[in-house]
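*Asks:* here are the coordinates; sequence isn't available:
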C-alpha cells in the first residue's frame, strides 16, 4: 500500500471540463478560498482555471447586468416564498391577539426569520422581545432543553435536512455534546424536524440488446481491502423543467467515494465513458480494477469496452434484472434522490447540474457519514486508512 501511495503522488490529478466548470461556478458563489477548501483543491488551481476560462470567453456588461438582476429576483422570490410559507403555517393566527402571534413566532424562530414573521403577522419586533421578557425565566430543565434543541437544529441545518438522529449523533458528539440517539430523536420531534423521506425509483438502463455481456466477477461481494480494487457504476435520470438530465457515476467500494461522474441530456455511451475517464484521472490510471455495472447497452458498447481494454480494467456485469448485484450504486442514487432531489424543483438542467455537483463533491464525498465505513465520510475514511 505504501508503494501504491507513493506512486499516486508522482502524477498530477487531471479533472474533466465538467468538473472545472462546476468548481468555478462554486467559487463564484462562495469564493475561491472557500471552494478550494470544500473541494480539497489548491486555490492556485482555481485561479488558473478561471484565468483560462476568461481567455476563452468574454462576458459582456449586459450579461453581467442580467446576472445581477437574476440574483436580485431570486432573492425577492426567496423572500416571497418565505412569506408565503409563514402565511401557510400561521394563517390561523393572523386575526388573533398579539400574544398568540408572539407564541407562534417563538415556536417557529428556528425555521423563519423573526423580522419577516413579525412583518407578515403585523407585530413589532420590540413587542415580541418585550413579550419574551414578560414570560419570565424558564426552568433549568427548559433552558438545557432549549440549548440542546438549538444545537440539534444547527446540526440538522448543517446537514441540509438530510440526516436523522443516527447520523446527527456522531456530529454532535464530535462537537463536544454528550447525547444519544433517543435524546436527539426527541429533540427533532419536539422541533418538528424530519429528515427527507425515501421514495421509490426505477432502473434506467436497457439490457434488452444483442451486444456481448461480461460475467459477474463481483457476485455481490461489496468489500474491498484497498482503493482501486473494485469500482461500481450505474446511470440514473433526474427531472428538470427542460427535460431529463442523465447522471452516470463510478464508486470505489473501498471507501464508497464517488470517483467519477458525468451528466448529459442524452443517455449515450459517451456518458459512461466520460464518468470512467474522470475516475481514471482521479485515481492516477490504475490497472486490473474490477469495474462492475449492469448490462445496459451503454456499458456493453464498443466505445466503453475499448476504454476498459485500453487501461487493462476487468469488466463485470450484473445478472439481467437483478438490482441486488449493483446494490451500492443503487444505494448512492437512493441517497442522492432522497436527500437532495425530492421535494425540490429545478427549472433548468444547469440548476440540476450545480445541485448534483455540490451534493457529490461537497456533501457526499467530504461530509456525509456512511454506515458501511464506520459513520465517517468517504474522504475521511480514505485519509485514515491510507495514511
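*Replies:* Thanks, I have the structure now. Not measured: the values here are computed from a predicted model. Numbers count the residues shown, from 1 in each chain.

*Asks:* quick one, longest helix in this structure?
*Replies:* In the chain, assigned by DSSP state H, the helix with the most residues is helix 61-90.

*Asks:* next SSE after that helix?
*Replies:* As assigned by DSSP states H and E, the chain's next helix or strand after helix 61-90 is helix 98-107.

*Asks:* what angle separates that following helix from helix 61-90?
*Replies:* Per axes from the mean of the first three to the mean of the last three CA atoms, to 10 degrees, the angle that helix 98-107 makes with helix 61-90 is 120 degrees.

*Asks:* what's the neighbour count on residue 319?
*Replies:* 17 (other CB atoms under 10 Å). C-beta coordinates here come from the backbone N, C-alpha and C atoms, glycine included.

*Asks:* that one contacts residue 292, doesn't it?
*Replies:* No - the pair residue 319 / residue 292 is not scored as a contact, 11.7 Å apart, by CB atoms under 8 Å.

*Asks:* who touches both of these two?
*Replies:* Counting by CB atoms under 8 Å, 6 or more residues apart in numbering, the contacts common to residue 319 and residue 292 are 216, 325.

*Asks:* so residue 185 is in contact with residue 165, correct?
*Replies:* Yes - with contact defined as CB under 8 Å, residue 185 reaches residue 165; the gap is 4.1 Å.

*Asks:* counting neighbours, go ahead and name the busier of the two.
*Replies:* residue 165 (21 against 16).

*Asks:* strands along the stretch 101-250 of the chain, start to end?
*Replies:* Ranges of strands in the stretch 101-250 of the chain, per DSSP state E, counting those that start in this stretch, are 230-240, 243-252.

*Asks:* turn the ones you listed into a markdown table, including distance to residue 159, mean pLDDT and mean neighbour count.
*Replies:* Formatted as a markdown table, these follow (distance: least, CB to CB, whole Å; pLDDT from 0 to 100; neighbours: other CB atoms under 10 Å):
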| stretch | distance to residue 159 | mean pLDDT | mean neighbour count |
| --- | --- | --- | --- |
| strand 230-240 | 21 | 94 | 22 |
| strand 243-252 | 21 | 96 | 22 |
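
*Asks:* any chance of the ones you listed in a markdown table with distance to residue 335 as columns?
*Replies:* Output for the strands of the stretch 101-250 of the chain, formatted as a markdown table (distance: least, CB to CB, whole Å):
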| stretch | distance to residue 335 |
| --- | --- |
| strand 230-240 | 11 |
| strand 243-252 | 11 |
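
*Asks:* out of those strands, the one nearest residue 171 is which?
*Replies:* Nearest to residue 171 among the strands of the stretch 101-250 of the chain is strand 243-252 (23.1 Å), distances taken as CB to CB.

*Asks:* where does the prediction get shaky in the stretch 251-387 of the chain?
*Replies:* 387 (pLDDT under 70).

*Asks:* one more time with 50, if that's ok
*Replies:* Along the stretch 251-387 of the chain, no part satisfies pLDDT under 50.

*Asks:* and the helices in it, which stretches?
*Replies:* 269-282, 297-300, 302-310, 327-336, 349-358, 378-386 (DSSP state H, counting those that start in this stretch).

*Asks:* not counting its neighbours along the chain, what's nearest residue 384?
*Replies:* residue 376 (7.4 Å; CB to CB, 6 or more residues apart in numbering).

*Asks:* pull the distance from stretch 371-385 to the chain's centre.
*Replies:* 16 Å (CA atoms, centre = their mean, to the nearest Å).

*Asks:* so which bits of that stretch are buried?
*Replies:* 373, 376, 377, 378, 379, 380, 381, 382 (16 or more other CB atoms under 10 Å).

*Asks:* quick check: the closest residue to the last one other than its chain neighbours vs residue 223, distance?
*Replies:* With CB to CB, 6+ apart as the criterion, residue 382 has its nearest non-adjacent residue at 4.7 Å, and that residue is residue 255. Here the criterion is CB to CB, to the nearest Å. By it, residue 255 lies 12 Å from residue 223.

*Asks:* and the two? Which one has more around it.
*Replies:* With neighbours defined as other CB under 10 Å, residue 255 and residue 223 compare such that residue 255 has more, 25 against 9.

*Asks:* re earlier: out of the helices of the stretch 251-387 of the chain, deepest packed?
*Replies:* Compared across the helices of the stretch 251-387 of the chain, helix 297-300 shows the largest average neighbour count, a mean of 24 (mean count of other CB atoms under 10 Å).

*Asks:* which strands or helices does that one pack on?
*Replies:* Using 3 or more CB pairs under 8 Å, 6 or more residues apart in numbering; DSSP states H and E, the elements in contact with helix 297-300 are helix 269-282.
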